[in-house]
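Chemist: model the structure of this input:
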Amino acid sequence: MAFTTLAAGQPIRIGVFSLFKPEEIVIAAAGAPLEIRCDGLITRLEGAQSMALRTAATVTSPTGGPAPFVLSIRGKIRRRFQGTLAIIRNQYYLEAVVSMDLEEAVASAVAAEMLPGTPLEAAKAQAVAARSYFAANRSRHVDYDACDSTHCQFLRELPAPDSLAAQATRETAGLVLTYQGKPLAALYSASCGGGTRPLHDGGGSEYPYYAVACEYCRRYRPGLIEGHRYGLCQRGAAGMARAGAGFRVILSHYYPGTSFFVAYPFRFAS
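Modeler: From the prediction side, this is the model:
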């Protein structure tokens, strides 16, 4: 297994709002100064000042590091992020790429993906799955590592430190699932209807996503399918957690043949 050393805090680049194909993006300060570099000029935003961008730009703190900011598309979506921002002009529309701490991205994904009423141990299983997906898919897109749509993982604002998503992320920090010595791009869906399904026959190095029985869905939601049925069943995981299963047991059930690895202070070599 090959690794390169890296301290915790590894950033990940997330493409946001791409489904809207915006021609204009509004950036606003969120209590700390911002510096926007655009067309050879530097603009400073303070307080709640904002600026509409229609071309390539970079947004950082005055020292060049991460900062809180609010990103919006008029009349469609508005979210607060913590990190640095690159606005890329492609042939047809703007792409907004937020570079943020990996653990903050995991917490944001857990907040967006987990179902209401999810117990802590199931949320921790979701956090490990989300982190593993990010770790395994650092090059799904040309200009960034992952997007905030169903193509990769949903992403919302960074949850409050006392939230369930933040707690689940903290208590599993750095932990990823591996298969044959590599991080697993862990897939998951809302409800399997009684059992997950295999992806293929298990040949080669690609994880086969075995067919796994899901007792909770068999008993309470037979035949109700929400999603692709590969990997973790979120409703089944919640049911296992309520019955006393820990997150490691949940993940081992839905991803048989995988191992756990603490990625910090290391990361997998690309």
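
Chemist: and the contacts of stretch 144-162?
Modeler: Surrounding stretch 144-162, the residues in contact under the criterion CB atoms under 8 Å, 6 or more residues apart in numbering are 12-19, 79-82, 95, 97, 104-105, 107-113, 130, 133-134, 137-141, 165-166. Where you see a C-beta, it was placed from the backbone N, CA and C, and this is true even at glycine.

Chemist: now stretch 198-216
Modeler: Stretch 198-216 is contacted by residues 179-180, 182, 184-185, 187, 192-197, 230-231, 233, 235-236, 238-240, 253-258 when judged by CB under 8 Å, 6+ apart.

Chemist: all helices of this structure, in order?
Modeler: 102-113, 120-136, 164-170, 215-220, 234-242, 247-254 (DSSP state H).

Chemist: highest mean neighbour count out of these?
Modeler: The highest mean neighbour count among the helices of the chain, using mean count of other CB atoms under 10 Å, belongs to helix 120-136: a mean of 27.

Chemist: in a markdown table, list the helices of the chain along with mean pLDDT.
Modeler: Below are the helices of the chain laid out as a markdown table (pLDDT from 0 to 100):
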| stretch | mean pLDDT |
| --- | --- |
| helix 102-113 | 95 |
| helix 120-136 | 96 |
| helix 164-170 | 97 |
| helix 215-220 | 97 |
| helix 234-242 | 98 |
| helix 247-254 | 98 |
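
Chemist: specify the stretch among those helices that is closest to Phe69.
Modeler: Phe69 lies closest to helix 102-113 among the helices of the chain, at 13.7 Å (CB to CB).

Chemist: elements contacting that closest one?
Modeler: If contacts are counted by 3 or more CB pairs under 8 Å, 6 or more residues apart in numbering; DSSP states H and E, helix 102-113 sits against strand 11-16, helix 120-136, helix 164-170.

Chemist: out of the ones you listed, which gets nearest to Gln91?
Modeler: Smallest distance to Gln91 across those (CB to CB): 15.7 Å, for strand 11-16.

Chemist: tell me what that closest one is packed against?
Modeler: Packed next to strand 11-16, using 3+ CB pairs under 8 Å, 6+ apart, are strand 77-89, strand 94-101, helix 102-113, strand 146-147.

Chemist: same thing but 6 Å
Modeler: Packed against strand 11-16 by the contact rule (3 or more CB pairs under 6 Å, 6 or more residues apart in numbering; DSSP states H and E) you find strand 94-101.

Chemist: over the strand it packs on, what's the mean pLDDT, rounded is fine.
Modeler: The average pLDDT for strand 94-101 rounds to 96.

Chemist: could you check the angle strand 11-16 makes with it?
Modeler: If you take axes from the mean of the first three to the mean of the last three CA atoms, to 10 degrees, strand 94-101 sits at 150 degrees to strand 11-16.

Chemist: centroid residue for this protein?
Modeler: Per CA atoms, centre = their mean, the C-alpha nearest to the average position across the chain is that of Ala109, at 4.1 Å.

Chemist: who are the contact partners of it?
Modeler: The contact partners of Ala109, taken as CB atoms under 6 Å, 6 or more residues apart in numbering, are 130, 153, 155.

Chemist: try it again at 8 Å.
Modeler: So Ala109 contacts 130, 134, 153-155 (CB under 8 Å, 6+ apart).

Chemist: show me which pair in these is furthest apart.
Modeler: Pairwise distances across those (CB to CB) peak at 12.7 Å, for the pair Phe134 and Phe154.

Chemist: in this structure Ala122 contacts Leu251, no?
Modeler: No. Contact criterion CB atoms under 8 Å: Ala122 and Leu251 do not qualify, at 10.2 Å.

Chemist: tell me where the model's unsure across the chain.
Modeler: Along the chain, the parts satisfying pLDDT under 70 run over 1-9, 139, 201-205, 264-270.

Chemist: quick one, domains of it?
Modeler: If you go by automatic domain parsing, the domain ranges for the chain are 22-92, 102-268.

Chemist: what about the shortest one, distance to the chain center?
Modeler: In other words, domain 22-92. Chain-centre distance of domain 22-92: 21 Å, with CA atoms, centre = their mean, to the nearest Å.

Chemist: mind checking the end-to-end distance for that domain?
Modeler: Terminal residues of domain 22-92 lie 9 Å apart, using CA to CA, to the nearest Å.
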